[in-house]
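Student: test case, fold it:
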Amino acid sequence: MTAWHDDDPLRDPLQGIGEQWMSGRTALVTGAGQNGALPGVGYAIARLLAAHGAQVAVLDRSAEAASRTVELIRAEGGDAAAITADVTDDAECARAVAEAIEAFGTLDTLVNNVASGDRAGIFEVTPERFEQLVGINLTSAWSVTRHVVPTLPRGSSILNISSVGVRAKGPGMPYCVAKAGIENFTEGAASTLGPQGIRVNCIEVGGIWGSFAAANMDEKMREPRRQMTTLKTEGTAWDIAHAALFLLSDRARWITGQILAVDGGPMTFFPPGPPVTSVA
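Tutor: Take a look at the predicted model:
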């Protein structure tokens, strides 16, 4: 794994500016299958990391979705392996990590992207649904990470995916409660793993239009969401992927414990609505 070592402070940062940013690295990206016509965040991240030279273990609960992503990566000359697992099951997480290491021999990059959500309010769900949402959006990231950490060498990087919904001032939603936990988990993990030379950061995903959004809201909401951003533009999964590439690469070697909002500028949020379940 190439790195900008602490013992080489005089290295010219512009050397190799045209190089692939993830060359020599091996990544595990959860929820990276392609499940529909629109790209999801995990899918876009996996594709971009592979395009920048990383070997990518594509994890998804759907074998078909994982295979579609892998096929595209390989068609573009990249190296990828499909892994099917339910990350809400701790034993499945352990198996998935073992399979990724078996496929590539090592891991030094992890993206916790799996998410499920709806717009139901915090008191509009059953205890079972609340627990399910916390399990998918928070516990799964902890579970995958705890199995990956013992295998990670110094210089490794972990990225968690959150939502700008964490900062919403309107009625609460279980999805946002769980994502707030992801951000606290990010900061705690960064502090814990920092002495081992492992970086942990997080991206707050804004109002992009992708597979997750399309499954949870009417397309008529696209224009109002666009207008509520500072830039008055609509983001895509690729905007998130490019930010992820930076944070995971050695270009961000001195950045850890940070929550980066990729949102087109602050926006106003919609109130909770009827439950519509989606898994990305």
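Student: CA only for contacts and neighbour counts going forward, please
Tutor: OK.
Student: ok, which stretches of this protein are strands?
Tutor: 26-30, 55-60, 79-84, 109-112, 116-117, 157-163, 199-205, 259-262, 278-279 (DSSP state E).
Student: got those as TSV, with mean neighbour count and mean pLDDT columns?
Tutor: Output for those, formatted as TSV (neighbours: other Cα atoms under 10 Å; pLDDT from 0 to 100):
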stretch	mean neighbour count	mean pLDDT
strand 26-30	28	98
strand 55-60	30	98
strand 79-84	24	98
strand 109-112	26	98
strand 116-117	22	86
strand 157-163	26	98
strand 199-205	25	98
strand 259-262	19	97
strand 278-279	16	46
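Student: and of those strands, who's closest to R253?
Tutor: strand 199-205 (7.7 Å; Cα to Cα).
Student: how far off centre is the closest one?
Tutor: 8 Å (Cα atoms, centre = their mean, to the nearest Å).
Student: just the C-alphas of that strand, formatted as CSV.
Tutor: What follows is strand 199-205 as a C-alpha-only set of coordinates in CSV (Å, rounded to 0.1, in the frame of the first residue of the first chain):
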residue,chain,number,x,y,z
ARG,A,199,-8.3,6.9,10.1
VAL,A,200,-12.1,7.0,10.5
ASN,A,201,-14.2,9.7,8.8
CYS,A,202,-17.9,10.2,7.8
ILE,A,203,-19.8,11.7,5.0
GLU,A,204,-23.2,13.3,5.6
VAL,A,205,-25.2,12.7,2.4
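Student: just checking, what packs against that strand?
Tutor: With contacts defined as 3 or more Cα pairs under 8 Å, 6 or more residues apart in numbering; DSSP states H and E, strand 199-205 has these neighbours: strand 157-163, helix 174-193, helix 237-248, strand 259-262.
Student: highest average neighbour count across those?
Tutor: strand 157-163 (a mean of 26; mean count of other Cα atoms under 10 Å).
Student: helices or strands next to that strand in the packing?
Tutor: strand 109-112, helix 174-193, strand 199-205, helix 237-248.
Student: can you list contacts of that strand?
Tutor: 108-113, 141, 176, 179-180, 182-183, 186, 198-206, 244, 247-249 (Cα atoms under 8 Å, 6 or more residues apart in numbering).
Student: partners of that strand, with directions?
Tutor: strand 109-112 (parallel), strand 199-205 (parallel) (DSSP bridges).
Student: ok, I83 - contacts?
Tutor: I83 neighbours (Cα under 8 Å, 6+ apart): 57-60, 63, 66, 96, 99-100.
Student: okay, the strands of the chain in TSV with distance to E71 next?
Tutor: Shown next, in TSV, are the strands of the chain (distance: least, Cα to Cα, whole Å):
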stretch	distance to E71
strand 26-30	15
strand 55-60	11
strand 79-84	8
strand 109-112	20
strand 116-117	25
strand 157-163	24
strand 199-205	26
strand 259-262	28
strand 278-279	21
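Student: any idea which of these gets closest to R225?
Tutor: Between the strands of the chain, strand 199-205 lies closest to R225; by Cα to Cα that is 13.4 Å.
Student: where in this structure is pLDDT low?
Tutor: Applying pLDDT under 70 to the chain flags the ranges 1-17, 213-218, 267-280.
Student: tell me the contacts of the residue nearest the centre of it?
Tutor: Centroid-nearest residue in the chain, with Cα atoms, centre = their mean: N113, separated by 3.3 Å. Applying Cα under 8 Å, 6+ apart, we find N113 in contact with 29-32, 41-42, 141, 160-161, 280.
Student: same check, this time on G33
Tutor: G33 touches 42-43, 58-60, 62, 64-69, counting by Cα under 8 Å, 6+ apart.
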